[in-house]
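Visitor: here you go, sequence then predicted model.
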Amino acid sequence: MPACAALWFTILFLGGHGQALAAAYSWVDDQGSVHYGQTPPGGVVTRRIETPTDTGAADTELQERIDQMEERRAVEKAQAAQRTEHERQAQTRARNCSAARRNLDRLQGRGRIKARMGDGYRYLTDQEHDEAITRARTQIGTYCQTADRARP
């Protein structure tokens, strides 16, 4: 936010600055010192100094700063979106890891497992039970290692 306030100050300052520089004067005081200013004192001989009124260079510089600021904002927004997506993925991996560990505990901690198959329930065969354990271990390997590494 301070960069935005500084930018608006610059816009206001440069916006009026080109007109303020349209006329400048020089004069010599009683001690012989030369002075410069936009409003000469009365009763002295002044010399008008023509100054450039074209603020094209200032406008170009200002536009470059605005473009740079907008580019920085776009980069920061993209980085924030990327961080949010990484956090969401880490949370999903952590949930999947927890579910896979619970499944493995249930599969290994009980005798026979009753599973829902189609419209009803039936007991898993020994082969289906072993395949379910293998699937749970594979899921743990996939989700838990990356979830554990993502933790601080």
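Guide: Received, thanks. Residues are numbered from 1 along each chain as shown.

Visitor: for this structure, which helix is longest?
Guide: Ranked by residue count, the top helix of the chain under DSSP state H comes out as helix 56-109.

Visitor: how distant is the very next helix or strand once past that one from the center of its chain?
Guide: Next helix or strand after helix 56-109 toward the C-terminus (DSSP states H and E): strand 114-117. Here strand 114-117 is found 48 Å from its chain centre; the criterion is C-alpha atoms, centre = their mean, to the nearest Å.

Visitor: contact partners of strand 114-117?
Guide: Tyr121, Arg122, Tyr123, Leu124, Glu128 (C-beta atoms under 8 Å, 6 or more residues apart in numbering). All C-beta spots, glycine's among them, are computed from the backbone N, C-alpha and C.

Visitor: try 10 Å this time
Guide: With contacts defined as C-beta atoms under 10 Å, 6 or more residues apart in numbering, strand 114-117 is touched by Tyr121, Arg122, Tyr123, Leu124, Glu128, His129, Ala132.

Visitor: would you say the second one is within a helix?
Guide: In this case it means Arg122. No: applying DSSP: H, G, I helix; E, B strand; the rest coil, one finds Arg122 to be strand, outside a helix.

Visitor: give the contact list for it.
Guide: Contacts of Arg122 (C-beta under 10 Å, 6+ apart): Lys114, Ala115, Arg116, Glu128.

Visitor: now the buried members of these.
Guide: Not one of those meets the buried threshold, by 16 or more other C-beta atoms under 10 Å.

Visitor: what mean pLDDT would you report for stretch 48-60?
Guide: Taken as a whole, stretch 48-60 carries a mean pLDDT of 73.

Visitor: and it, end to end?
Guide: 28 Å (C-alpha to C-alpha, to the nearest Å).

Visitor: for stretch 117-130, same thing?
Guide: Counting by C-alpha to C-alpha, you get 17 Å between the two ends of stretch 117-130.

Visitor: off-centre distance for that stretch?
Guide: Its chain's average C-alpha position is 50 Å from that of stretch 117-130, according to C-alpha atoms, centre = their mean.

Visitor: and that stretch, what's buried?
Guide: For stretch 117-130, the neighbour count (16+ other C-beta under 10 Å) marks Leu124, His129 as buried.
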